[in-house]
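J.: only the shape, not the letters, is given here:
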Ligand SMILES: Nc1ncnc2c1ncn2[C@@H]1O[C@H](COP(=O)(O)OP(=O)(O)OP(=O)(O)O)[C@@H](O)[C@H]1O
Ligand SMILES: [Mg+2]
Ligand SMILES: [Zn+2]
């Protein structure tokens, strides 16, 4: 059923479960993610999308289950057995995380250039001129004018902030990017431009992406595969077009029909 | 003598004010600090009979290491006769009865805020710094749990973000005080609040350096002859402030100068911030370009007079 059968999976998720006390955040989720694949996690509010994403990205320890990731050297590692130093290095080199609220993913009190350059400095780049020109280059790639490089993101519009956040994440050429509602809260026209940019970057860089959204149009446009969640469980999954054109579960059918009416 | 010192005339106090148990606790923190150069050791900072801004961290460190035979020098802004220096010196004269001096070479313990003496320190001397904010990462990361983790993992990219910002906004690294350093190739440390002019002095210094932050309850140390590197970029290397003139009074070059206003007609001059150093040079017959100026002469004379007292 998957579109990338010839390579080894990048991420393997085994029965991941997360409780908040007695309440289920997500339950018994398993899947593989392939290099270059974009997986959308959809579902209504409270269905467990963010919980799952945070478990996958080591931001929230699962109550049960295991997550394995293929490191750059090809070895498969259990994410929750990495040392803190390994985990941090992974998060700031091989991974990205794009927050819905850009302020959570940016340093609002330093310039756009420093925001993009931070990861480079974190991994030991010590040449100011190189850092700056790389930052400048990435700002161009996310369509932010060069002359904003010394401005704080506070002076940026919502769409610009989101694009800056994306540049800040991509500067180290990650292989896997997590996104939680990256277009949420933006005007429709701004959303469209951002989606277009994301789609282009993902294709150009061959990124693997796990994107959480409750907007099926976003899933349709960006993802190869989709997982539908409800009450913490994955109730349906498959190729995006198949699931959206021909949903099997009544809940998915409801979700699709309600979005089509909008 | 000020109010603080007067408190101690009224009763008997333990040597150097602190009780022996507290001093032992502080000495343990100091020893740990020496063992891990540049690492901030938490300690149970005590209430001292002076406000925090007055250097209670430095005072506690000094109190813990002082012996009866020590000779203490107290500096504030490079000078021994500012209010802060005078009252802290008075505090130890009262509570410890130790000898005090203005002369760098005479002192066995030097407590300072801001400056390191121009005269090279020796192995048999200890310099104690009063530190207001010990955490160099605080500027960009206010969470203590996070900064602790960053130190543990040697995760110091943020320090360069700060320097990057400096260059982006000013065209050069504009940080002049509290300029961050890496100690012994491991811990990033804030030598605050000394001017970066003094950073080269703390590299491979013969004297033991102890840093005390009272309000923040931290002690850290640099053992003698330890490598201390000021952070920078390859294309923006660390540089100390340069003064284009020598000291107006003693003619010293390559020392840290303060600007002094001489009169209300805009007369000014630059003089050694280290007043003891300046006077010793003048006593040795060195004359600066302003030495003959009446107002400048008056300024220098007042300084020398206070030193003699
Ligand atoms: N920190 C928390 N403490 C307790 N319960 C939580 C916590 N975070 C989430 N939950 C619960 O876990 C379930 C899943 O929440 P989650 O935030 O993962 O949903 P979501 O699909 O991301 O929703 P939304 O679309 O609103 O962002 C919900 O019942 C929620 O109330
Ligand atoms: Mg959510
Ligand atoms: Zn001088």
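T.: Alright, I've got the coordinates. Computed from a predicted model, the values in this text were never measured in an experiment. Ligands and ions are numbered 1, 2, ... in the order given.

J.: for the rest of this, base every contact and every neighbour count on C-alpha atoms.
T.: Will do.

J.: ranges for the helices of chain B?
T.: Using DSSP state H, the helices of chain B run over residues B:3-6, B:20-35, B:56-65, B:83-96, B:144-152, B:157-170, B:199-202, B:275-283, B:294-308.

J.: nearest to ligand 3 among those helices would be which one?
T.: With C-alpha to the ion, the closest approach to ligand 3 among the helices of chain B belongs to helix B:275-283: 3.7 Å.

J.: so which bits of that closest one are buried?
T.: Neighbour counts over helix B:275-283 (16 or more other C-alpha atoms under 10 Å in any protein chain shown) mark B:275-279, B:281-282 as buried.

J.: up against chain B, what does the stretch 151-262 of chain A have?
T.: For the stretch 151-262 of chain A, no residue is in contact with chain B (C-alpha under 8 Å from any C-alpha of the partner chain).

J.: show me the shaky parts of the stretch 151-262 of chain A.
T.: A:259-262 (pLDDT under 70).

J.: quick one: the helices in it, in order.
T.: Remark: helices assigned in the stretch 151-262 of chain A by DSSP state H, counting those that start in this stretch are A:158-170, A:188-205, A:216-222, A:240-245, A:250-261.

J.: pick out the shakiest of the helices of chain B, pLDDT-wise.
T.: The weakest mean pLDDT among the helices of chain B belongs to helix B:3-6, with a mean of 42.

J.: what is the neighbour count of the closest residue to ligand 3 within chain A?
T.: Proximity of chain A to ligand 3 (C-alpha to the ion) peaks at residue A:128, 37.0 Å away. By other C-alpha atoms under 10 Å in any protein chain shown, the residues close to residue A:128 number 21.

J.: would you mind measuring from it to residue A:51?
T.: From residue A:128 over to residue A:51 the distance is 38 Å, taken as C-alpha to C-alpha, to the nearest Å.

J.: do residue A:135 as well
T.: When distance is defined by C-alpha to C-alpha, residue A:135 is 32 Å away from residue A:51.

J.: likewise residue B:40?
T.: From residue B:40 to residue A:51 the distance is 36 Å (C-alpha to C-alpha).

J.: neighbour count: the two, which is higher?
T.: Remark: of residue B:40 and residue A:51, residue B:40 carries more neighbours, 26 against 23, as counted by other C-alpha under 10 Å.

J.: if I pick residue 34, what's in contact with it?
T.: In the absence of a named chain, this looks at chain A. Listed by C-alpha atoms under 8 Å, 6 or more residues apart in numbering or on different chains, the contact partners of residue A:34 are A:4, A:7-11, A:208.

J.: wait, chain B was what I had in mind.
T.: Residue B:34 sits next to B:220-223 when contact means C-alpha under 8 Å, 6+ apart.

J.: of the residues you listed, which is the nearest to residue B:122?
T.: Nearest to residue B:122 among those is residue B:223, at 12.4 Å by C-alpha to C-alpha.

J.: near the closest one, how many other residues are there?
T.: Neighbours around residue B:223, by other C-alpha under 10 Å: 22.

J.: isn't it right up against residue B:209?
T.: Yes. Residue B:223 is in contact with residue B:209 according to C-alpha atoms under 8 Å; the separation is 6.3 Å.

J.: ok, back up a step: show me how to select, in PyMOL, the buried members of the contacts of residue A:34.
T.: This is the PyMOL syntax for the buried subset of the contacts of residue A:34, where burial follows 16+ other C-alpha under 10 Å:
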select buried, chain A and resi 9+10+11+208
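
J.: may I see the contacts of residue A:34 organised as JSON lines, with secondary structure added?
T.: Formatted as JSON lines, the contacts of residue A:34 follow (DSSP: H, G, I helix; E, B strand; the rest coil):
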{"residue": "A:4", "secondary structure": "coil"}
{"residue": "A:7", "secondary structure": "coil"}
{"residue": "A:8", "secondary structure": "coil"}
{"residue": "A:9", "secondary structure": "coil"}
{"residue": "A:10", "secondary structure": "coil"}
{"residue": "A:11", "secondary structure": "strand"}
{"residue": "A:208", "secondary structure": "strand"}
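
J.: measure how buried the one residue in the stretch 51-200 of chain B that gets nearest to chain A is and give me the count.
T.: Closest to chain A within the stretch 51-200 of chain B is residue B:157: 3.8 Å, counting by C-alpha to the nearest C-alpha. Using other C-alpha under 10 Å, residue B:157 has 20 neighbouring residues.
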